[in-house]
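Colleague: Predicted model follows, preceded by the sequence.
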Amino acid sequence: MLGVSVAGYLHLKEGLPCQDACKYLIHKDNYGLIAVADGLGSAFLSHIGAQKAVEKAIETAIKLLEVNNTSLADIPIKMIEFSRYALIEIAEQEGLNLSNLATTLITVAFDKRGIHSAQVGDGAVVVQINGQLKILTCSLNFEYVNEVMPITTEDYLDGLIFESINNPVDFVSVFTDGCQRAALKKTEIGYEPFEGFFRPVFDFATKINHIEQANKELEEFLMSKKMSEYFEDDKTLVIGVI
Amino acid sequence: MSVLNEVEIANPQHPHCATLLLLDVSGSMQGDKIKQLNEGFQVFKDDLLQDDLARKRVDLAIITFGEDVKVVSDFTSVDTLPELNFEASGLTPMGYALNLAIDKIEQRKAEYRSKGIDYYRPWIFMITDGEPTDMKPSDSQWKALISRIHTGEAEKRFLFFVVGVEPANMQILKELTPHTRLPLKLKKDKFREMFTWLSRSTRKTSTSKVGDVVTLDTPTGPNGWGEIETS
């Protein structure tokens, strides 16, 4: 797996921190775990909310995998729930409003047999299965471009999406809204994965020799003119070759 | 050379921010008011032209109502906006103009959707110094229009702003607007300040990102251009 979060050019121009965060790992050579968060621009500590959310999500998944009989399919939703509890705890401890830490969250757990994802808010999970691209989960289709539902709202469950594929997949890609309009084609009935984006990205992921170098290249790509010209937001892209 | 250079972009286009100006150019606007409206509009246009992102994202349409109801410029970027000079004459067919404005907004959103273009919630910004002459407050047509505006606002189809210029009938304008956004009365000779506020607000909206709450500068107060009539 590889992946990075980078600040969008408006945040760089304004001296603001990157409000996206990601964390991912392979656990015990068997399980792939990914968490990707996008802190809301309107929340002044959303970069902290996003970072804490991905850390807690991965920590939760590792703990659950230690417990016998935990179904992999149950893990992504638990990752979101426990991340939300962690943010509530931080807000209480620091005397903050929970909304100050507002962030979206996408969580993924996979192994050789299948993949499961859950998400609240923008961004998407795209997989390649039998050579075909497929959206596993994707943001709700709000009418306006600046609408979103974070995990910090009381009615976050209304925006919770969960999907599973109980078959082996070849690739997985998880990304925030900063990449969404580059990676997904918007049609009148919803989104569909864009071949022109994913083919080179997955091809790149299969040819990696040094992960650090690959992440550096990925970072340069996300900050490139091509990716920034139309999308000024922070960007996160995590790719897994399964 | 990295294979990432071969990546293509699914939607190589900016999100659009539709803004429709609905301007009263009836006979009562003649003289200093129409002169200030023209000057203020130029300030608005120049201000938007200075913002690179707003130039690419703001999609502007202008409808006037006076001698007739006219789409003087259909939705276009500020770069391609024609030179405009408003002249005042005729009555105030505000009701017809408002219905046309809402139709135009709905039509534009449908175009965005069909082309896969992301967009912000559109604005309708009306400036008037009078009251409708094509509909009466007791008319079923007028009531239907009020309902259309209030429903459109409640369902977040658009944002509706009204500015009354002396001697506008503020009571009638109050009926038109949703209770959460009362009409503002323009302070004397403040057209330029109002248009500066409008361009700043449009720029702010057009550069807002997912999850941003756009806070507009308050137009009222000692240094503002507008006031709210509470009576």
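Modeller: Great, that's in hand.

Colleague: Just the CA trace of the helix or strand of chain A with the lowest mean pLDDT, in PDB.
Modeller: Taking mean pLDDT, DSSP states H and E as the measure, the helix or strand of chain A with the lowest value is helix A:9-14, at a mean of 81. Listed next in PDB are the C-alpha coordinates belonging to helix A:9-14 (Å, rounded to 0.1, in the frame of the first residue of the first chain):
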ATOM      1  CA  TYR A   9      -3.000  25.400  -3.100                       C
ATOM      2  CA  LEU A  10      -5.500  27.700  -1.400                       C
ATOM      3  CA  HIS A  11      -4.500  26.300   2.000                       C
ATOM      4  CA  LEU A  12      -0.800  26.700   1.000                       C
ATOM      5  CA  LYS A  13      -1.500  30.300  -0.100                       C
ATOM      6  CA  GLU A  14      -3.300  31.100   3.100                       C
END
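
Colleague: got the residue ranges for the helices in chain B?
Modeller: In chain B, the helices defined using DSSP state H lie at B:32-49, B:52-57, B:94-114, B:140-154, B:170-176, B:191-206.

Colleague: Reformat those helices as TSV; add mean pLDDT.
Modeller: Below are the helices of chain B laid out as TSV (pLDDT from 0 to 100):
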stretch	mean pLDDT
helix B:32-49	93
helix B:52-57	88
helix B:94-114	96
helix B:140-154	94
helix B:170-176	91
helix B:191-206	84
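
Colleague: right, so of these, which gets closest to residue A:202?
Modeller: helix B:94-114 (29.6 Å; C-beta to C-beta). Backbone N, C-alpha and C define where each C-beta goes, glycine included.

Colleague: any idea of the angle that closest one forms with helix B:140-154?
Modeller: Taking axes from the mean of the first three to the mean of the last three C-alpha atoms, to 10 degrees, one finds helix B:94-114 and helix B:140-154 inclined to each other by 40 degrees.

Colleague: Just the buried residues of helix B:94-114, please?
Modeller: B:94-102, B:104-105, B:108-109, B:112 (16 or more other C-beta atoms under 10 Å in any protein chain shown).

Colleague: For that helix, which helices and strands make contact with it?
Modeller: Counting contacts by 3 or more C-beta pairs under 8 Å, 6 or more residues apart in numbering or on different chains; DSSP states H and E, helix B:94-114 packs against strand B:17-24, strand B:58-65, strand B:69-77, strand B:123-128, helix B:140-154.

Colleague: And these: which comes nearest chain A?
Modeller: Of all the helices and strands packed on helix B:94-114, strand B:17-24 sits nearest to chain A, with 9.0 Å by C-beta to the nearest C-beta.

Colleague: relative to strand B:69-77, how tilted is the closest one?
Modeller: Calculated by the same axes, to 10 degrees, strand B:17-24 forms an angle of 150 degrees with strand B:69-77.

Colleague: got the CA coordinates for strand B:17-24 in CSV?
Modeller: Extracted as CSV, the C-alpha positions of strand B:17-24 are listed here (Å, rounded to 0.1, in the frame of the first residue of the first chain):
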residue,chain,number,x,y,z
CYS,B,17,-21.5,29.7,-9.1
ALA,B,18,-24.7,31.0,-10.9
THR,B,19,-25.6,34.5,-9.9
LEU,B,20,-28.6,36.3,-11.5
LEU,B,21,-29.0,40.0,-11.1
LEU,B,22,-32.6,41.2,-11.4
LEU,B,23,-32.5,45.0,-12.0
ASP,B,24,-35.3,47.4,-11.9
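
Colleague: residues making contact with that strand?
Modeller: By C-beta atoms under 8 Å, 6 or more residues apart in numbering or on different chains, the surrounding residues in contact with strand B:17-24 are B:37, B:41, B:54, B:57-66, B:75, B:86, B:92, B:94, B:97-98, B:101, B:104-105, B:108-109, B:112, B:119-120, B:122-130, B:165, B:202, B:205-206.

Colleague: How far does that strand sit from its chain's centre?
Modeller: Centroid separation for strand B:17-24 versus its chain: 3 Å, with C-alpha atoms, centre = their mean, to the nearest Å.

Colleague: Sheet-wise, list the partners of it with their directions.
Modeller: Here strand B:17-24 is paired, per DSSP bridges, with strand B:58-65 (parallel), strand B:123-128 (parallel).

Colleague: export stretch B:192-203 as CSV, just CAs?
Modeller: Extracted in CSV, the C-alpha atoms of stretch B:192-203 (Å, rounded to 0.1, in the frame of the first residue of the first chain):
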residue,chain,number,x,y,z
ARG,B,192,-21.1,51.3,-5.2
GLU,B,193,-20.8,49.9,-1.7
MET,B,194,-23.6,47.5,-2.3
PHE,B,195,-22.0,46.2,-5.5
THR,B,196,-18.7,45.9,-3.8
TRP,B,197,-20.3,43.8,-1.1
LEU,B,198,-22.0,41.7,-3.8
SER,B,199,-18.7,41.0,-5.6
ARG,B,200,-17.0,40.1,-2.3
SER,B,201,-19.8,37.7,-1.4
THR,B,202,-19.8,36.1,-4.8
ARG,B,203,-16.1,35.7,-4.7
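
Colleague: Nearest to residue A:227, out of the strands paired with strand B:17-24?
Modeller: The nearest among those, by C-beta to C-beta, is strand B:58-65 at 23.0 Å.

Colleague: who touches the closest one?
Modeller: With contacts defined as C-beta under 8 Å, 6+ apart, strand B:58-65 is touched by B:16-26, B:48, B:69-78, B:81, B:84, B:86, B:92-94, B:96-97, B:100-101, B:104, B:108, B:202-203, B:206.

Colleague: Can you say which helix or strand has the residue nearest in space to the middle of chain A in it?
Modeller: Centroid-nearest residue in chain A: residue A:36, 2.9 Å away (criterion: C-alpha atoms, centre = their mean). Applying DSSP states H and E as the criterion places residue A:36 in strand A:31-38.
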